[in-house]
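> sequence first, then the predicted structure, then my questions.
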Amino acid sequence: MGRLRRTMLYVPGNNPGMIRDAHIYGSDSIMLDLEDSISIKEKDAARMLVYQSLKTLDYGNTEVIVRVNGLNSPFGRDDFEAIARAKPDGIRLPKTETPEEVQEADELITQIERQSGLEQGTIKLIAAVESALGVINAFRIATASKRLIGIAIGAEDFVTDMRTSRSADGIELLAARGQVLLAARAAGIDALDTVFSDINDEEGFTREVKLIKQMGFDGKSIINPRQIDIVHRVFTPTNEEVGKASRIMEAIREAEKKGLGVISLEGKMIDKPIVERAGRVLELYDAAAKNYALRGDRHA
Amino acid sequence: MKIHQTGIAGTLESSDITIHIEANEGKGIWIELKSTVENQFGKQIRYIIKDTLQKQDVTDVFVRAIDKGALDCTIRARVLTALSRAANCSLKLWEVK
């Protein structure tokens, strides 16, 4: 199993205190933001602050992503030039609508890696789709570059584009979430869900996390450290699920020893998809337990 | 690098530093510092400001700094941003030195 991306914590890129402390809360990834949380007049200051911070600070095992401004904005190219040289784990492209935008970003990073002596392909990409066109093109976007590790949906811009607004049950996002998820799975990369803006509505947030986990998403962008534990709790398999998965894997090992093709456990037939799901439960549990050992995540 | 105007960067929030840069023709680098941690780190903060300026070949500037406990990387970032604004330049400061 690859790296866990259950939680990706947004950090405003012009706030030195938040940038310094971002990794201590235990999210799987942090995302230093140069885009929507930064005013036009402070774009240069945030870019320089994030660059200097990345060159200096050690975030340990936490994945570090930087959300840059789009290459079609006046700030995108300078963001890439600076940030790629500071070597974050990945760069998140906002408001992606076509595969060509991903390819342009890929080529730019390749140039910078070459100029700065970095191994080609070191810096990964995440593409966020935030419009009807982006969602329609999701699979072509998800397969546009080998650097891509994930595709994310950005709901606030998307619902505006769709002439609607966000609701408690998220019906307005159902089709888009499905499309992004299908694109991610077909491309073999992670599917990352959007933010939930009301940090005081823990019940609504938990409901949304359960929904996107059940749909198949790998994780969610979050805007406050208080949201981390809720997501990790939902994404960590229960003792019952782990016990059942362990029994399935044990039964399969026994069947292989005896040369049996089809087996049953507790009165139910165990076939390949069930074994694959059990394997994923155990992998998710192991990964969460490893995080616990590294960082003290309480819900592993 | 030629200073054309006053350049300001940073905020007065905790962990940040406000840097105010203006020309100081023929009088060298002059730093006026107020810091919440002046007794312990004043010397280091002044060194970081001066070093960052000298690496950009800046020789004659007056710097007013109000520090709220910024890390070295934050001080460098704010000095470079203020400098870039004061010089009214689009220099790619991350490419040099």
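Perfect, thanks for sending it.
> all helices of chain B, in order?
Under the criterion DSSP state H, chain B contains helices at B:38-55, B:72-86.
> mean neighbour count added to these, as a markdown table?
(Glycine included, C-beta is placed from N, CA and C.) Shown next, in a markdown table, are the helices of chain B (neighbours: other C-beta atoms under 10 Å in any protein chain shown):
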| stretch | mean neighbour count |
| --- | --- |
| helix B:38-55 | 16 |
| helix B:72-86 | 25 |
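> chain A contacts on chain B?
For chain B, the residues found near chain A under the criterion C-beta under 8 Å from any C-beta of the partner chain are B:9-10, B:13-16, B:70-74, B:76-78, B:80-81, B:84-85, B:92-95.
> low-confidence stretches in the chain?
Defaulting to chain A. Low-confidence segments of chain A (pLDDT under 70): A:1, A:291-300.
> oops, wrong one, chain B.
Residues of chain B that meet the criterion pLDDT under 70 lie in B:90-97.
> can you tell me the centre-most residue of it?
When C-alpha atoms, centre = their mean is applied to chain B, the residue found nearest the centroid is B:V79 (3.1 Å).
> can you give me the strands for the stretch 51-200 of chain A?
According to DSSP state E, counting those that start in this stretch, the stretch 51-200 of chain A carries its strands in the segments A:63-67, A:90-93, A:124-129, A:148-153, A:190-193.
> report the inter-axis angle for the third one versus strand A:63-67.
Here strand A:124-129 runs at 50 degrees with respect to strand A:63-67, directions being taken by axes from the mean of the first three to the mean of the last three C-alpha atoms, to 10 degrees.
> residues from the stretch 1-150 of chain A in reach of chain B?
Selection of the stretch 1-150 of chain A residues close to chain B by C-beta under 8 Å from any C-beta yields A:15-17, A:20, A:44-45, A:48-49, A:51-53, A:55-57, A:78, A:81-82, A:85-86.
> count of neighbours near the residue of the stretch 151-300 of chain A found nearest chain B?
Nearest to chain B, among the residues of the stretch 151-300 of chain A, is A:P225, at 16.4 Å (C-beta to the nearest C-beta). A count of neighbours around A:P225, defined by other C-beta atoms under 10 Å in any protein chain shown, yields 17.
> likewise for A:F158?
By other C-beta under 10 Å, 25 other residues sit near A:F158.
> once you drop chain neighbours, what's closest to it?
In space, and not counting its chain neighbours, A:F158 is closest to A:E130: 5.2 Å by C-beta to C-beta, 6 or more residues apart in numbering or on different chains.
> related to what we said a few turns ago, nearest to A:E241, out of the helices of chain B?
helix B:72-86 (43.3 Å; C-beta to C-beta).
> quick one, that closest one and helix B:38-55 angle?
Orientation check (the same axes, to 10 degrees): helix B:72-86 against helix B:38-55 gives 50 degrees.
> using PDB, list the CA coordinates for helix B:72-86.
What follows is the C-alpha trace of helix B:72-86 in PDB, where atoms were taken according to Å, rounded to 0.1, in the frame of the first residue of the first chain:
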ATOM      1  CA  ASP B  72      15.400  32.700  10.600                       C
ATOM      2  CA  CYS B  73      13.600  31.500   7.400                       C
ATOM      3  CA  THR B  74      10.800  33.900   8.000                       C
ATOM      4  CA  ILE B  75      13.200  36.800   8.600                       C
ATOM      5  CA  ARG B  76      15.000  36.000   5.300                       C
ATOM      6  CA  ALA B  77      11.600  35.700   3.500                       C
ATOM      7  CA  ARG B  78      10.400  39.100   4.800                       C
ATOM      8  CA  VAL B  79      13.700  40.900   4.100                       C
ATOM      9  CA  LEU B  80      13.700  39.600   0.500                       C
ATOM     10  CA  THR B  81      10.100  40.500  -0.100                       C
ATOM     11  CA  ALA B  82      10.600  44.000   1.300                       C
ATOM     12  CA  LEU B  83      13.700  44.400  -0.800                       C
ATOM     13  CA  SER B  84      12.000  43.200  -3.900                       C
ATOM     14  CA  ARG B  85       9.200  45.700  -3.300                       C
ATOM     15  CA  ALA B  86      11.700  48.500  -2.500                       C
END
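> lovely, talk soon.
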